[in-house]
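Participant: the sequence and its predicted three-dimensional model are supplied below.
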Amino acid sequence: MGLFDNILNLKPKNKIAEDEPPPKKGIALFFQVFMSEYRELLKLNLIMILFCLPVVTIPAAITAMNKIIMFMFLDKRYSTFSDFFATFKSEWKRSMLAGLIYFPLLALAGFGVYFYLSVMESFLFFSVSALIFSIILIAGFYVFPMIAVVDINLKGVFKNAVMLTLLRLPQNVLALIIIFLLTLVVWMFLPPTLIFVIFIFFALIGFISTFCAYTGLKKFVINDNLSQK
């Protein structure tokens, strides 16, 4: 199954009237959606924390969060809690299976970075481990949004995620750097930044990573013949 063999199960946008401005794209779209949806992002962050408390539910919670944020960028009507819970319930099995694959791989790559930096002190192996860790981390930008909105098996999800990671490397690296810097600032200034973590941090990280996935999926996967999932 190739990268472009699958399409998003989402309705196409209505055609733009001649007197309407064209839809915003890129960074303009990012800030437009953020400014109009920040209240829902605050709610989404609290819901995300609540649903992640059992720990084993984290993959399903990430998928549900990504679904809500995809709705934001697609300008679709949604109910933050109802649609979150519905996605959590319907996609928990695929999300859990994906998590059992994704997070151990991420942890293993992260351990490799630590091991070759602190124990063996090998710059070459550290660099390779850091590259692998970054690729796996970025692939996660695509894995869970695809589970949320694309009718595709897990093999296709991971294959497409890796290909989109490589195809859109500059955009992906930029998103990763922004997320890293935000996380670093929060970590450095704890405990005062704990209030930021409670109210917006996870939703903001999800907003950035899902925007990255949305733009990639829209460019390479979505076509005009779409149906509601």
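Facilitator: Happy to help now that I have it. Bear in mind the structure is a predicted one, so any value in this text is a computation, not a measurement.
Participant: helix or strand: which one has the closest residue to V113 other than its chain neighbours?
Facilitator: Closest residue in space to V113, ignoring its immediate chain neighbours: S129 at 4.6 Å, by CB to CB, 6 or more residues apart in numbering. Heads up, the C-betas are built off the backbone N, CA and C, glycines and all. Remark: S129 resides in helix 123-149, with elements defined by DSSP states H and E.
Participant: avg pLDDT for that helix?
Facilitator: Helix 123-149 carries an average pLDDT of 91.
Participant: same thing with stretch 205-225?
Facilitator: On average, the pLDDT along stretch 205-225 is 80.
Participant: count of neighbours near G156?
Facilitator: Neighbour count for G156, taken as other CB atoms under 10 Å: 17.
Participant: where does it land in three-state SS?
Facilitator: Following DSSP: H, G, I helix; E, B strand; the rest coil, G156 is assigned to helix.
Participant: show the pLDDT at it.
Facilitator: At G156, the model reports a pLDDT of 89.
Participant: gap between it and A60?
Facilitator: Look at G156 and A60: by CB to CB, to the nearest Å, they are 19 Å apart.
Participant: swap in D75?
Facilitator: Applying CB to CB, the value for D75 to A60 is 25 Å.
Participant: quick one: A213 from T165, how far?
Facilitator: Between A213 and T165 the distance is 10 Å, computed by CB to CB.
Participant: which residues do the two both contact?
Facilitator: F141, Y142 (CB atoms under 8 Å, 6 or more residues apart in numbering).
Participant: out of the two, which sits in the more crowded spot?
Facilitator: A213 (29 against 23).
Participant: so the more buried one, which of the three states?
Facilitator: Put simply, A213 is helix when judged by three-state DSSP.
Participant: look up how far Y114 lies from it.
Facilitator: 28 Å.
Participant: so what pLDDT did the residue lying closest to E91 once chain neighbours are set aside get?
Facilitator: Leaving aside its chain neighbours, E91 sits nearest to T63 (5.0 Å; criterion: CB to CB, 6+ apart). Model confidence at T63, given as pLDDT, is 96.
Participant: swap in Y38?
Facilitator: 91.
Participant: mind listing what's buried in the helix or strand where it lies?
Facilitator: Secondary structure assignment for Y38, by DSSP H and E: helix 26-52. Using 16 or more other CB atoms under 10 Å as the test for burial, helix 26-52 gives 29-30, 33, 37, 40-42, 44-49, 51-52.
Participant: kindly report the same for stretch 103-123.
Facilitator: Buried-residue list, stretch 103-123, by 16+ other CB under 10 Å: L105, L106, A109, G110, G112, V113, Y116, L117.
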